[in-house]
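Novice: I would like to see how this sequence folds:
(2 chains)
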Amino acid sequence: MTPPPAVPLPDIAACRVLVVDDNAINCELLVALLERARLSCIETATDGLEALAAIERFRPDLVLLDLMMPRLDGYEVCRRLRADARHADLPVLVQTSLTRPEDRARAFAAGATDFVTKPLNAAELEARVRIHLQNRVLIRNLRQYRERTASELVLARSMQRRLLPGPAAIAAMAAAGLRLGAHFEPSSELGGDLWGLRHDDRGRPVLYLADFSGHGVAAALNTFRLHAILRGMDFADFEPARFLADLNRRLCPLLPDGQFATMLIGVVDAAAGVFRYASAASTAPLLLAEGGLRFGDGSGLPLGIVPEVAYDDRSLPLAPGSRLLLYSDAAIEVETGRGVLGEDGFAGLAAAAFAGPAPLPDLVARLQTAGTIDDDLTLLVLERPPGGTGPGAP
Amino acid sequence: MIGAVTACRLLVVDDSEVNRELIGMLLAGAGFADIAYAGDGETALRRLMSEPFDLVILDIVMPGLDGFAVCRRLREERRTADLPVLVQTALTGAEDRSRAFAAGATDLLSKPIDRDELLARVRIQLENRLLIRGLQGYRDRLEQELALARSMYDHLLPAPGRVAALAAAAGVEVAHASRFASELGGDLWGLFDAGGGRLGAWLLDVAGRGVSAALNAFRLHGLVQELQSLAAAPAELLAAVNSQAAALLAPGEHATLVYGVIDPAEGAFAYAAAAAPSPLVIRRGSGLLLQGDGTGLPLGVAAESRYELRRLPLPPGSGLLLHSNALLEAAEGDVERLGGWLRAAGGDPSGLLATAAEAGQRAGQAGDDMTILWFYRP
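Specialist: Numbering: from 1, shown residues only, chains lettered A, B, ... in the order given. Here you go, the predicted structure:
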């Protein structure tokens, strides 16, 4: 008695089987056995060359292969199949009257998947055929699922990249006497981070970084909504706290319970030498200036929890020669093996990276070396070059 | 052997210590480092039920629980149902061999154990398992992500309570049905209170299917929702949605939208359309009465597009049908045929949807998202 399967088994009724044997009676016997196992798509071949031609034409899911045959033997058929990427994983069940262990070893070395000896045990043959075909169908179904979703996600990923400012917008920061560097890396195909760059009516750059709860497709859907809302909002008379409160009010009705976003948005006032910002539960902005390192204040209620929230206007000095780092929480939640990296650990890596000539790639490399990053990572570096503008990005 | 294979965890079950050691030695010689042993069936089962293993090499004849019984028990448990089990049998024991497969063995190893065969069979089973596990892991992760995304999509649609309240206020019956070609889709619809007992209704159909269509549907949904203040002015609402959509959609990304106001007092549906399928006036049980005009520039093509305000009569006893492109496509553009389906469907939009989906499949269509919204005036 076969026990009832604990998980449903794949349906193999439509599977194709190629029977290869130079003996007509053996062929008939095998076909009869397969038909008894309710398989109906069966073809036969009587030597190795015929078998290879039939495999190209008939596209079997399993080959029952004799070893000793005229023209081309079973070992060579196996070897040729394994040398061809299209057939590398085609199950080949060798059936032979050779019983010595070295014959079996030779068949496996040639690439056989499985081996049965003649005279055939009908129940064993049926069981082996069934197992190989079930595996084949399972793998094929899983591969089809992966191919279909992967192609959907490739398209979606390129759409998500297009939400972000392009190289031209980043380079145009030089007009405001600033340099901007950005790193954006979702933890899977799609992510929940979004950053952007706009300008107020006085031409001052407004920079934001948002990070939605969760990751993957669902979080990405939210970044698209946030992006659409931000497109429609007025940046003319930009005031950080007021703007963030307005954004929260618009986002609230759209987000289901349990989904929220953290965000930091601020305007660079180069004339006054400050970055004025408001924050909704964001990471603390990190300032690297001549006087050393300093964290700003990222506290505030996340977006999307309650519609009426007041945010604080805050500011950080942005003197020539200083750099401001905005980052998603993945940067401080790097799993180091001794707990998470934390703000201080991150600041240490940033300080070391910014002593060098290519700070942003260096910081990314240092974070990756520090441990496992299992969330979407975004890093933004805003630099006010010492004594005016300079070429290139930080 | 590849590293992932030799990193697998194996359990060797045999009541003979000599056999256990022999098998262990052969496996260790091939690079396997993580091998555990059990000397009887009970111990083996206990370990397999509580610890993760990648493959078992199982002897049949053992005191107490024999190999057949162990195998059967493993197959009954979800946790071990697909665990590769290699059963050791004598090559000549035809009956044992059949029994082993009947008990759920994945493969047999001939006794006395031959090194090459043992390693070949272990490698083939483990490679297979690793391949399947990798693919299953991918599918499980994606299914979870897409299920969450789907629940967010459902959250975008008007809640049943809100539909009922708006329908009651306008004195109409609302019914709807939709299906996706994939886990996610690009069809969305919604209702607005247009004031004065009037009901606003919109239906959006984003080109493409799957995740990318849903991403665009989500952002366009946000735009439409934010323009509720224009609920009484369909042409203006469409122009406003379009001007913002043009800034968001990339070249080649299009969407169609129809928005209109059902005014029971006037007995009319006033609407504007952006390349949408024609709104249809129907009578319950007797098919199609009138076909509206859905033409207009699709959303996102040109920021300055203007839309025309059009009207369809909607007397008592009639109904309005809004639908995504796939419905008429399934009828191969034949409105008469659609009328026949409508008569057959009676008052049931899911019946119409099923008929259309079936016809589309028969016509060899790839399958697109399909949404049907209908509004009846009693």
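Novice: Over to the closest residue to chain B within the stretch 251-394 of chain A: give its phi and psi.
Specialist: Residue nearest to chain B within the stretch 251-394 of chain A: residue A:256 (4.7 Å; Cβ to the nearest Cβ). (Each C-beta comes from the backbone N, C-alpha and C, glycine too.) Residue A:256 adopts backbone torsions of phi -70, psi 160, taken as degrees, to the nearest 10.
Novice: in chain A, what spans have low per-residue confidence?
Specialist: Residues of chain A that meet the criterion pLDDT under 70 lie in A:1-8, A:388-394.
Novice: at 50 instead, please
Specialist: Scanning chain A with the threshold set as pLDDT under 50 gives A:1-5, A:389-394.
Novice: Scan it for its longest helix.
Specialist: If you go by DSSP state H, chain A has its longest helix at helix A:122-162.
Novice: going on from it, what's the next piece of helix or strand?
Specialist: Counting by DSSP states H and E, the element after helix A:122-162 in chain order, helix or strand, is helix A:167-171.
Novice: quick one on the thing from earlier: tally up the residues packed near the residue of the stretch 251-394 of chain A closest to chain B, please.
Specialist: For residue A:256, the number of neighbouring residues by other Cβ atoms under 10 Å in any protein chain shown comes to 14.
Novice: ok, and the closest non-adjacent residue to it?
Specialist: Spatially, and ignoring its direct neighbours in sequence, residue A:256 is nearest to residue B:155 (4.7 Å; Cβ to Cβ, 6 or more residues apart in numbering or on different chains).
Novice: cool, and residue B:41?
Specialist: Nearest non-adjacent residue to residue B:41, counting by Cβ to Cβ, 6+ apart: residue B:65, 2.8 Å away.
Novice: Wait, that neighbour touches residue B:45, no?
Specialist: Yes: using Cβ atoms under 8 Å, residue B:65 makes contact with residue B:45 at a distance of 6.8 Å.
Novice: So between those two, which is more surrounded?
Specialist: Using other Cβ under 10 Å as the criterion, residue B:65 and residue B:45 rank with residue B:45 on top: 19 against 16.
Novice: Could you list every helix and strand in contact with whichever strand or helix holds that one?
Specialist: Using DSSP H and E, residue B:45 sits within helix B:41-50. Judged by 3 or more Cβ pairs under 8 Å, 6 or more residues apart in numbering or on different chains; DSSP states H and E, helix B:41-50 is in contact with strand B:10-13, strand B:35-38, strand B:55-59, helix B:67-76.
Novice: make it 6 Å
Specialist: If contacts are counted by 3 or more Cβ pairs under 6 Å, 6 or more residues apart in numbering or on different chains; DSSP states H and E, helix B:41-50 sits against helix B:67-76.
Novice: Is the helix it packs on positioned near chain A?
Specialist: Yes: under the criterion of Cβ under 6 Å from any Cβ of the partner chain, chain A is reached by helix B:67-76 at B:72, B:75, B:76.
Novice: Please compute how far that helix lies from its chain's middle.
Specialist: Here helix B:67-76 is found 35 Å from its chain centre; the criterion is Cα atoms, centre = their mean, to the nearest Å.
Novice: try stretch A:149-166
Specialist: Distance of stretch A:149-166 from the chain centroid (Cα atoms, centre = their mean) equals 12 Å.
Novice: Any buried residues in that stretch, and which?
Specialist: Buried residues in stretch A:149-166, defined by neighbour count with 16 or more other Cβ atoms under 10 Å in any protein chain shown: A:149, A:152, A:153, A:155, A:156, A:157, A:159, A:160, A:163, A:164, A:165.
Novice: Now cross-check those against chain B and list the overlap.
Specialist: Among those, the ones lying near chain B by Cβ under 6 Å from any Cβ are A:149, A:152, A:155, A:156, A:159.
Novice: Once you drop chain neighbours, what's closest to the third one?
Specialist: By that I understand residue A:155. Excluding its sequence neighbours, the residue lying closest to residue A:155 (Cβ to Cβ, 6+ apart) is residue B:212, at 4.3 Å.
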